[in-house]
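K.L.:
Predicted model follows, preceded by the sequence.
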Amino acid sequence: MSRFWTHASAIARRDLTIEGRSGEVLSVVLPFAAVAVFVVPLSIDTLFVDLRSLAFPVYWLVSLLFGMQVALRQTGTETINQRRQLALAGVDPLSRFVGRSLAAAALIFSVTLFTLPMVILFYDPEPKPPLAATVVVILTFATGLSLLSTLAGDVTVGLRTRSALAPLIVAPLAVPLIIGGSRATEELARGRSSLTWIGLLIIVDLALAMVAVLAARPMEEATL
Amino acid sequence: MSRFWTHASAIARRDLTIEGRSGEVLSVVLPFAAVAVFVVPLSIDTLFVDLRSLAFPVYWLVSLLFGMQVALRQTGTETINQRRQLALAGVDPLSRFVGRSLAAAALIFSVTLFTLPMVILFYDPEPKPPLAATVVVILTFATGLSLLSTLAGDVTVGLRTRSALAPLIVAPLAVPLIIGGSRATEELARGRSSLTWIGLLIIVDLALAMVAVLAARPMEEATL
Amino acid sequence: MPILALTGISVHIGSLPILAGIDLELAAGETIGLAGPNGSGKTSLLMVMATLSRPTSGSGVVLGEPLDQPSIRKVRPQIGLSAHDPGLYPELTLKQNLRLFATLIGRSQEQADSMLRQVGLEAARDRRADQSSNGMQRRVDLARLLLLEPMLLLLDEAHAGLDSHSEMLVDELVARNRSRGGAGVVVSHDHARLRERTDRIIILDAGRVAV
Amino acid sequence: MPILALTGISVHIGSLPILAGIDLELAAGETIGLAGPNGSGKTSLLMVMATLSRPTSGSGVVLGEPLDQPSIRKVRPQIGLSAHDPGLYPELTLKQNLRLFATLIGRSQEQADSMLRQVGLEAARDRRADQSSNGMQRRVDLARLLLLEPMLLLLDEAHAGLDSHSEMLVDELVARNRSRGGAGVVVSHDHARLRERTDRIIILDAGRVAV
Amino acid sequence: MRRSILPLLALATAGIGFWLASTTAPDAVQGDYARIFHVHVPSSWIAFVAFGITAFGSLMWLWRRHQRWDRLAAGSAEIGVIFTAASLLTGALWGKPVWGTFWDWGDARLASTALMFFVYLGYLALRRATLDPVARAKRSAVLGMVAVVQVPLVYFSVNLWRSLHQTQTIRPDGASMGSEMIRAFLVNLLAFNVVYVALLVSRVRLAKEWERRDAREMATAGAAVTAPRLEPT
Ligand code: HEM
Ligand SMILES: Nc1ncnc2c1ncn2[C@@H]1O[C@H](COP(=O)(O)OP(=O)(O)OP(=O)(O)O)[C@@H](O)[C@H]1O
Ligand SMILES: Nc1ncnc2c1ncn2[C@@H]1O[C@H](COP(=O)(O)OP(=O)(O)OP(=O)(O)O)[C@@H](O)[C@H]1O
Ligand SMILES: [Mg+2]
Ligand SMILES: [Mg+2]
């Protein structure tokens, strides 16, 4: 295995070990996502709005919100001193970025996957989209969101206002992901092809990956 | 002015000065709240769901979300050493709590007040509730949310998973606030009396204040 | 009556014993040195003395109040603690930090400003805490203790990071405290300095008093 | 060729000059002491030497690479830095922390474990970093540098917080570095120690070299 | 004196533009409301130009590392945000009489404009949060780059969604304009461009002056720390 991938996988393992120890995603973000799915119907007068029609919008909004929270979670945040030590250890910024994004994508994917049955259970959308295709949609969504959030997290590293600033940067830029995801599931539910929307998601993923490749090094310099 | 209020106002001033310097709420949370108001319609197919009927639910959810973010913002967070120094300076935990809640209430109130015209503009709910009464509702809501969030922030002080754990504690307790707020504006919009719901909000505020009075001291001991 | 008396103090975190059966008495006007290898429990013991960490077993009296009673809160304003991390507010300037503290302990803003001048930070007063060097932050911490004039002074490696001019601040703080009739505990790894400046030295080892 | 050569280095942060016109050369096998009052710019200068902070003006060459070129990245693995804050991962154990670092710099897990034993943390290896005392964390930081064997060793008050046994770790680190032909910079407020253990002493004052 | 030429020119063209806009004959269908056109469309145009310049400045900074490019990017973003706000505001005010609503979710252009507005608010917030100018330049250049790639994708996706759906879209498309109106519009477009350039030049100049003032020989940070001298109590 090349040095690049040794480093990337060491970084990804680091993030997942920390997550395993702190359990932030498992014991905190997941239940809160569940609460969010729950609170929505309480604030809506179900006499006037059909909950079923809100199932997927709510699903994607919750996925965006909590996916972001996962990627920017406190325990996954590097301090400036940790970053400096990584740089001095000779870790290529891109390999660091790949490692972090991989770990984030894995976590976001599990959160979004976990929320799916909850939404289906509570909102009972009819008809339901086919499972396999939905998982593909979620996967491309999680990839894009993890890339975007890792980028935003890196740009704001070391800033005290980071916890609010990073989501502000991510949210408007995540709109193509939201649109891609929600349209795709809707078309799938109606039994139509969602290739256009999955295509959109893949294009966004690729564009973000390209930015990451170009920006990783200047970004490291910016935040040492 | 008694020692209690000297301390409370010094603490509130501290929080607002830090906010003034970091500008976290003004330049970060406010625009983020605006983004949230915006992203919702993009994930919903407006052909099938009438946005107007979603105006107030969205408003209250966004208020909950960002009110929480304000109260738990990083720059308003005390580290364990800062808390220890406050305790040793002889600051009564209750006076500390009052100071922090006041500052949080001021900030939350401005966020919720700021979001209102945005929702009205973009969702165009019809008929619109009367302004004065709505502001009263928002005020009681902001008070409750600031008490609740300050409590949650104190309970989880010093834990690294705090940023995610605190919302988990707040969200279920915020349900009565959400229900009170959304029902009240709905009744107001229909030209009916919303006294029941405003009453509910006030009861929640009082209950939370009572909890704070009872819990402030034991809570401080637990988190030094 | 001693200012501080601990009998059989133990502290456990989870199942891990950090301190085991500490007995200690500190008379008015007395200053002791606390030394011992890394991880032996010096900081943990200081937290007990500062009434900030409640012992798992054993009993203690600080400034006349028993450690396990709610009334212990009353004596806290007479305890001065310099910890590893001074706990300043990063966004506030050095002046704002010290003034806030002065307000809380009932000193005037002028007293705060004068103290900031005395520790040599007059010209740097409008610099934010997070834009000040390590030693500058430590000086603000000492200024705080000089303002407070506590009866029980607890210094956790307060010399670290101070330049040769400002080390005397620590010595002066200890001397003033002694002449005021207060008690002091100085944690340090520098045995020579402790021998010179304290009345007796206590060595901790693995959570127990070794000497 | 010197290991490090700085000419006319200035660093500004915003409007504030932190360092002004620093000239400095460091030959192979040479160890210098860096002292000066609080806030004089020692830490800031060390960051420039570590290639982590880019000077506003002036030029420098570190281990043969000019500071302002992207190629400077290549020499970073040969630079060892002990900062005020060791930058461990709080949730990881001491062993996991050191092993991660070993993987990144191409050392084996066994080497990491053996080094942890050598700094006296064998029994505490499974303790999380945030449940370890200040001095224990500093020791892990030193273990990291002992593993790395850098050519340019930068120590920012590395003695602080270490007990008398582990202070010798720092001395050993400097000695090994010297015999390996590496260069070293030791920041400390303890002039006596610097005189004893370094080849020459540079005093910074208000961002300039005073001696 | 040369410094004041550009602002004077901006003032003059804006004055003429305003005069023409208020004196052309009212629109046949929309009446006086159509006059908003003369502010709305140039504002929207400048918004795009400004963000384009920000992107250009960011890329140039990453390539050349000269603070000049960062000043350009920052100045242009600030002005762009103002004009985007103007576009949103005038569009909404215009929408009420013309469409009967302030806001129409059916139009991709509206949603994209608003999102672009937020992206650049985030950009400015990031700048504000970073204190050191060089770090600020680097961070915001990277964000500027992400935005350049992502904003068109935002537009594209919103547009794709809406056009595939054939909604009740009411696209802003003007009725045929008279030549008098076209003339007034062209003058206003020119005026907005001159105003933009004038604002940008003075903003960049101001930033440069600040930096020059900062670079003036002044006491170093460390000089502010002196040896302590305790007074007897
Ligand atoms: C930067 C993005 C925008 C551009 C480039 C733009 C451009 C234009 C143009 C060229 C027109 C003249 C009509 C035409 O020839 O099509 C127009 C009309 C209009 N725009 Fe915009 N606009 C933008 C954003 C907005 C926004 C955000 C709003 C609403 C808040 C808005 C509301 C309107 C309205 C109400 C009209 C009049 C439509 C009519 O006469 O039927 N526009 N816009
Ligand atoms: N981010 C920053 N912004 C503005 N000024 C800063 C910043 N960081 C440091 N300074 C200033 O730069 C000067 C040098 O700081 P530095 O930390 O290098 O000092 P030092 O010599 O290491 O001091 P000490 O002995 O206290 O550790 C200080 O006066 C400090 O106020
Ligand atoms: N939160 C905690 N959880 C578990 N163990 C802890 C915790 N805090 C400290 N310890 C353990 O308690 C012991 C004593 O720590 P303490 O910080 O009191 O040591 P110290 O004597 O101050 O050491 P140093 O000289 O390094 O500062 C250490 O072995 C440490 O690992
Ligand atoms: Mg200690
Ligand atoms: Mg320093």
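P.N.:
Here it is on my side, so go on. Quantities reported herein were computed from a predicted structural model and do not represent experimental measurements. Ligands and ions are numbered 1, 2, ... in the order given.

K.L.:
which one is C:Thr198 nearest to, not counting chain neighbours?
P.N.:
Using C-beta to C-beta, 6 or more residues apart in numbering or on different chains and skipping the chain neighbours, the partner closest in space to C:Thr198 is C:Gly33 (3.9 Å). Where C-beta positions appear, they are placed from N, C-alpha and C, glycine not excepted.

K.L.:
do E:His66 as well
P.N.:
E:Met60 (7.8 Å).

K.L.:
Let me know the helix or strand that that neighbour is in.
P.N.:
helix E:37-64 (DSSP states H and E).

K.L.:
Which secondary structure elements does the helix or strand hosting E:Leu8 sit against?
P.N.:
E:Leu8 is located in helix E:5-23, with elements delineated by DSSP H and E. Applying 3 or more C-beta pairs under 8 Å, 6 or more residues apart in numbering or on different chains; DSSP states H and E, we find helix E:5-23 packed against helix E:37-64, helix E:179-215.

K.L.:
how near is the residue most central in space within chain E to B:Phe114?
P.N.:
Centroid-nearest residue in chain E: E:Gly80, 0.7 Å away (criterion: C-alpha atoms, centre = their mean). Noted for E:Gly80: a distance of 22 Å to B:Phe114, by C-beta to C-beta, to the nearest Å.

K.L.:
Look at the residue of chain E found nearest ligand 4 and give its secondary structure.
P.N.:
Nearest residue of chain E to ligand 4, counting by C-beta to the ion: E:Pro228, 24.8 Å away. Classification of E:Pro228 by DSSP: H, G, I helix; E, B strand; the rest coil places it in coil.

K.L.:
Chain neighbours aside, what residue packs nearest to it?
P.N.:
Nearest non-adjacent residue to E:Pro228 (C-beta to C-beta, 6+ apart): C:Gly120, at 4.2 Å.

K.L.:
I'd like to know how many residues surround that neighbour.
P.N.:
C:Gly120 is flanked by 25 other residues according to other C-beta atoms under 10 Å in any protein chain shown.

K.L.:
What pLDDT is listed against it?
P.N.:
Looking at C:Gly120, its pLDDT is 91.

K.L.:
List the residues that contact it.
P.N.:
C:Arg139, C:His165, C:Ser166, E:Val225, E:Thr226, E:Ala227, E:Pro228, E:Arg229 (C-beta atoms under 8 Å, 6 or more residues apart in numbering or on different chains).

K.L.:
Quick check: chain neighbours aside, which residue is closest to the fourth one?
P.N.:
In this structure, E:Val225 finds its nearest non-sequential neighbour in D:Gly39, 3.8 Å apart by C-beta to C-beta, 6+ apart.

K.L.:
most residues in a single helix of chain C, which one?
P.N.:
Counting by DSSP state H, the longest helix found in chain C is helix C:134-148.

K.L.:
Residue numbers of chain C in contact with chain A?
P.N.:
Within chain C, the positions adjacent to chain A are C:Pro90, C:Glu91, C:Asp130 by C-beta under 8 Å from any C-beta of the partner chain.

K.L.:
closest to D:Ala28 among those residues?
P.N.:
Comparing those against D:Ala28 with C-beta to C-beta places C:Asp130 closest, at 37.0 Å.

K.L.:
and the closest one, how far is that from A:Val137?
P.N.:
Noted for C:Asp130: a distance of 43 Å to A:Val137, by C-beta to C-beta.

K.L.:
Which single residue of chain A approaches ligand 3 most closely?
P.N.:
Ranked by C-beta to the nearest ligand atom, the top residue of chain A for proximity to ligand 3 is A:Arg21, at 13.5 Å.

K.L.:
low-scoring stretches of chain C, by residue?
P.N.:
Across chain C, nothing is flagged by pLDDT under 70.

K.L.:
Who are the contact partners of the residue of it found nearest ligand 4?
P.N.:
Using C-beta to the ion, the single residue of chain C nearest to ligand 4 is C:Thr43, 3.2 Å away. Neighbour list for C:Thr43: C:Ala83, C:His84, C:Asp156, C:Val187, D:Ser133, D:Asn134 [criterion: C-beta under 8 Å, 6+ apart].

K.L.:
Over to E:Ala221?
P.N.:
Neighbouring residues of E:Ala221 by C-beta under 8 Å, 6+ apart: C:Ala124, C:Arg127, D:Ile13, D:Leu16, D:Pro17, D:Ile18, D:Gly39, D:Gly41, D:Ala206, D:Gly207.

K.L.:
Tell me the one of these nearest B:Val155?
P.N.:
Distances from B:Val155 to those, taken by C-beta to C-beta, are shortest for C:Arg127, at 34.2 Å.

K.L.:
is it true that the residue nearest to E:Pro228 lies in a strand?
P.N.:
No. Assignment of C:Gly120 by three-state DSSP gives coil, placing it outside any strand.

K.L.:
what's the spacing between it and D:Gly21?
P.N.:
Relative to D:Gly21, and taking C-beta to C-beta, C:Gly120 is found at 24 Å.

K.L.:
same question, C:Val174
P.N.:
Per C-beta to C-beta, C:Val174 is found 40 Å from D:Gly21.

K.L.:
Kindly report the same for C:Glu25.
P.N.:
57 Å.

K.L.:
And for E:Phe51?
P.N.:
Applying C-beta to C-beta to E:Phe51 and D:Gly21 gives a distance of 40 Å.

K.L.:
same deal with A:Ala106?
P.N.:
50 Å.

K.L.:
do the same with A:Met118
P.N.:
Distance of A:Met118 to D:Gly21, given as C-beta to C-beta: 63 Å.

K.L.:
and what of A:Glu186?
P.N.:
For A:Glu186 relative to D:Gly21 (C-beta to C-beta), the value is 65 Å.

K.L.:
Compare neighbour counts for the two and give me the winner.
P.N.:
Using other C-beta under 10 Å, the more surrounded residue of A:Glu186 and D:Gly21 is A:Glu186, with 19 against 15.

K.L.:
part of a helix, is that one?
P.N.:
Yes. Judged by three-state DSSP, A:Glu186 forms part of a helix.

K.L.:
thinking C:Ala124 is in contact with C:Gly135, fair?
P.N.:
No. If you go by C-beta atoms under 8 Å, C:Ala124 and C:Gly135 don't touch, sitting 11.2 Å apart.

K.L.:
Pull up the overlap in contacts between these two.
P.N.:
What both C:Ala124 and C:Gly135 touch, as defined by C-beta under 8 Å, 6+ apart, is the set D:Gly39.

K.L.:
elements contacting the lowest-mean-pLDDT helix or strand in chain E?
P.N.:
The helix or strand of chain E with the lowest confidence, counting by mean pLDDT, DSSP states H and E, is helix E:133-165 at a mean of 76. Under the contact definition 3+ C-beta pairs under 8 Å, 6+ apart, helix E:133-165 sits against helix A:131-155, helix A:162-173, helix A:175-189, helix A:195-222, helix E:37-64, helix E:67-99, helix E:108-129.

K.L.:
picking up where we left off before, and the contacts of the helix holding E:Leu8?
P.N.:
Residues from elsewhere that reach helix E:5-23 (C-beta under 8 Å, 6+ apart): E:35, E:38-39, E:183-184, E:187-188, E:190-192, E:194-195, E:197-199, E:201-202.

K.L.:
rerun at 7 Å
P.N.:
Contact partners of helix E:5-23, identified using C-beta atoms under 7 Å, 6 or more residues apart in numbering or on different chains, comprise E:35, E:38, E:184, E:187-188, E:190-191, E:194-195, E:197-198, E:201-202.

K.L.:
now swap in stretch C:85-93 and tell me
P.N.:
Residues outside stretch C:85-93 that contact it (C-beta under 7 Å, 6+ apart): A:160, B:14, B:17-18, B:21-22, B:75, B:79, B:81-82, B:84-85, C:97, C:125-130, C:137-138, C:140-141.

K.L.:
Tell me how many other residues crowd the residue of chain A closest to ligand 3.
P.N.:
With other C-beta under 10 Å as criterion, A:Arg21 counts 16.

K.L.:
Would you agree it falls within a helix?
P.N.:
Yes. Assessed with three-state DSSP, A:Arg21 lies in a helix.
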